[in-house]
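Q: Coordinates for the following, if possible.
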Amino acid sequence: MTKARGSRTGSGAAQTGLFDDVSSTKTSRKTGKTISRKTANTARKASDKAPGPVAGPKPSGGKTAGLQVKKKNRPARFTAGKRKPAKQREISVSEFFAKNRHLLGFDNPSKALLTTVKEAVDNSLDACEEGGILPEIHVHIESLKEDRYRVTVQDNGPGISRKEMPRVFGSLLYGSKFHRLCQSRGQQGIGISAAGMYGQITTGKPVHVVSKEKRKPAHRFAILLDTNTNLPLITKDEEVEWDISHGTMVEIELEASYKGGRHSVDGYLWQVALANPHVTLHYAPPKGGPVNYDRASRKLPAEAKEIKPHPKGVELGQLMKMLKETKYRNLHGFLTHEFSRVSNKVADEVLDGAGLKAQMSPGRAHRDAAEVLYRSIQQAKIMNPPTNCLSPIGEDQLLKSLKSRHEPEFAIAVTRPPSVYRGNPFLIEAALAYGGGAFSSDEPVKLYRLANRVPLMYQKSACCVTKSVIETAWKNYHVPQSRGALPVAPMAILVHIASVWVPFTSESKEALASYPEIQKEIKLALQECGRKLGTYIRRGRRLADAQKKKDYIEKYIPHIGIALQEILGLTDKKRATTESKLRDILERSRKM
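A: Purely as a prediction, here's the structure:
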């Protein structure tokens, strides 16, 4: 006979499932009869109220004999399957990065100094270019103690409003570039405020900022970052006199270490001047004299325009969010106005493929409808996104910059047509500088990696650019290369990616992720440069061989003339005539 679910048998109780229904009846253990659960509960409560057992007298007799013994109330112990209560609270983004500052590039003191300068210089360049101003930047690093430095970066940009200054320098993930699909150096709104936070953690001192807009007074702020709330704490706010028309100056004191070399601030600023030929840089290092990098061109980069997202670069969750937040009343208007490259015809094709009505309200599109729409978008033929959101360096500017910094024998630059990864437009530029006194023929090539005109200084081996250079068959272009290594030649290779969203491997922005589309474009650009380099090397070898043969002719013809004169008894005049004829014959045969 099947027992009722939840009934007790013998000395144990049957376990019920988590979502099983509990029977309203129960079987009595004494009579075996079925009684109502309400009656059983009433009986149990009555038994619980009955007096407990009385302890009998001890064999030896004592004070407790005949007394009622009560059990002590002990705290309940946690059993398996139950979780201890924990003190849980929300973690702010600044608190997270304060404990994980290595993710932002503050791994060690020397790298922290470079990252601080980098973030300040990047902000200055972006501000100047957005304001249509040829950048002139001053970088000053002052040594205060053995492990403490003061970094000051000043630019001639349009300035920052007094209202925005505290949030720009005192809050992480605060900026104007994250939601824009437009090429810029900064992307996440972390950099300069993270540098200030690092200085605050290591020295306890605030960031000092002075900024002045045109025809407005200058304001000076001292700003700390509250890591619990990710909000700025203003310790000083005053109006000051500043004898410039417009600009911004940032001063951060931090614990750091200064080292020279290619991976230091010195090498970074040199590459900034290389990648931005329109910039003038004044650099005062903590050791040695000041260094000036004059601009190689007075032409500003083309202004990058903001574009709307491409439908094929939007994922399902983001599409659902856009459907919910859009201001357009029907799906047809949503598709044609919220995305780029979606015409009326394309919108109709997408909606027909999804089986959705054009007049359907986007807000009423449930998850299944959004997924059908997403699948239809992926299958539709849609033009690549517009490329006016990109601002490449340009072949002419790259050549000017390489020639002014390296003075090579041969230089070539190539700009690839724009392409797309994950719906994001990007463009690859590559350049080579070969020969000259700046390179050694016994060392690997110098590789410059740039992303939106910003030099990438670390994680070289993990970068998509390095992998693409190594995978290119340089031996086909008469450049020696060992397997799995960079080529060995008196040469510098420059690769630049311009994109609305650069796929970095981490928040520190030190290496590019290996997307197949990006790797393909880098290889094609390098191969085009390599073919032209190979032609130059072959032509140089032919010219060298020709010169070698010519030198042989000039060296041995006089000896042949003397020998013929002695054998045939020629006069000096006839000997000279014979040498001239021999020289002409050999020159013609050499050129053939």
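Q: Is residue 237 in contact with residue 210, as I believe?
A: No. Applying C-beta atoms under 8 Å, one finds residue 237 not in contact with residue 210, separated by 11.6 Å. C-beta coordinates here come from the backbone N, C-alpha and C atoms, glycine included.
Q: what about those two, which has more around it?
A: A direct count of neighbours by other C-beta atoms under 10 Å for residue 237 and residue 210 places residue 210 higher, at 21 against 13.
Q: which residues are in contact with stretch 374-382?
A: 310-312, 314-316, 319, 341-342, 346, 349-351, 353-354 (C-beta atoms under 8 Å, 6 or more residues apart in numbering).
Q: buried sites along that stretch?
A: By 16 or more other C-beta atoms under 10 Å, the buried positions in stretch 374-382 come out as 374, 376-377, 380, 382.
Q: Check stretch 288-304 too.
A: By neighbour count on 16+ other C-beta under 10 Å, the buried set for stretch 288-304 is 293, 295-297, 301, 304.
Q: Measure how far it is from the centre of its chain, please.
A: 24 Å (C-alpha atoms, centre = their mean, to the nearest Å).
Q: and the residue nearest to the spatial centre of the chain, what is it in contact with?
A: Centroid-nearest residue in the chain: residue 504, 3.1 Å away (criterion: C-alpha atoms, centre = their mean). By C-beta under 8 Å, 6+ apart, the contact set of residue 504 is 451, 510-513.
Q: Would you mind listing which of those residues are buried?
A: Buried subset of the contacts of residue 504 (neighbour count, 16+ other C-beta under 10 Å): 451, 510-512.
Q: Using JSON lines, please lay out the residues you listed together with secondary structure.
A: Formatted as JSON lines, the buried ones among the contacts of residue 504 follow (DSSP: H, G, I helix; E, B strand; the rest coil):
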{"residue": "451", "secondary structure": "strand"}
{"residue": "510", "secondary structure": "coil"}
{"residue": "511", "secondary structure": "coil"}
{"residue": "512", "secondary structure": "strand"}
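Q: Please, which helix or strand holds the residue lying closest to residue 415 once chain neighbours are set aside?
A: Nearest non-adjacent residue to residue 415, counting by C-beta to C-beta, 6 or more residues apart in numbering: residue 429, 5.0 Å away. Per DSSP states H and E: residue 429 is located in strand 424-434.
Q: Equivalent analysis for residue 374, please.
A: If you go by DSSP H and E, residue 374 is part of helix 367-379.
Q: Can you give the distance of stretch 346-355 from its chain's centre?
A: In terms of C-alpha atoms, centre = their mean, the centre of stretch 346-355 is set 35 Å apart from its chain centre.
Q: same question for that stretch, mean pLDDT?
A: Stretch 346-355 shows a mean pLDDT of 93.
Q: go on, stretch 105-112?
A: 86.
Q: before we move on, the earlier item: now tabulate the buried residues of stretch 288-304 in CSV and tack on pLDDT, secondary structure and distance to residue 560.
A: Listed next are the buried residues of stretch 288-304 as CSV, based on pLDDT from 0 to 100; DSSP: H, G, I helix; E, B strand; the rest coil; distance: C-beta to C-beta, whole Å:
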residue, pLDDT, secondary structure, distance to residue 560
293, 93, strand, 57
295, 89, coil, 58
296, 86, coil, 53
297, 86, coil, 56
301, 88, coil, 63
304, 84, coil, 69
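Q: contacting residues for residue 228?
A: 92, 95.
Q: got it, and residue 572?
A: residue 565.
Q: Return the per-residue confidence for it.
A: 83.
Q: and the gap between it and residue 566?
A: Applying C-beta to C-beta, to the nearest Å, the value for residue 572 to residue 566 is 12 Å.
Q: now swap in residue 441 and tell me
A: Relative to residue 566, residue 441 is positioned 46 Å away (C-beta to C-beta).
Q: Residue 305 - nearest residue in space that isn't next to it in sequence?
A: Leaving aside its chain neighbours, residue 305 sits nearest to residue 388 (4.6 Å; criterion: C-beta to C-beta, 6+ apart).
Q: scratch that, residue 354
A: Using C-beta to C-beta, 6+ apart, the closest residue to residue 354 is residue 376 (3.9 Å).
Q: same check, this time on residue 386
A: The shortest distance from residue 386 to any non-neighbouring residue, by C-beta to C-beta, 6+ apart, is to residue 307 (5.6 Å).
Q: Assess the claim that the one you found and residue 500 are in contact.
A: Yes. Using C-beta under 8 Å, residue 307 is in contact with residue 500, at 7.2 Å.
Q: what bridges to residue 492?
A: Beta bridges link residue 492 to residue 433, residue 446 when assigned by DSSP bridges.
Q: That one: what's it in contact with?
A: Applying C-beta under 8 Å, 6+ apart, we find residue 492 in contact with 402, 406, 408, 432-433, 438-439, 445-448.
Q: rewinding a little: where do the contact lists of residue 237 and residue 210 overlap?
A: In terms of C-beta under 8 Å, 6+ apart, residue 237 and residue 210 are both contacted by the residues 219-221.
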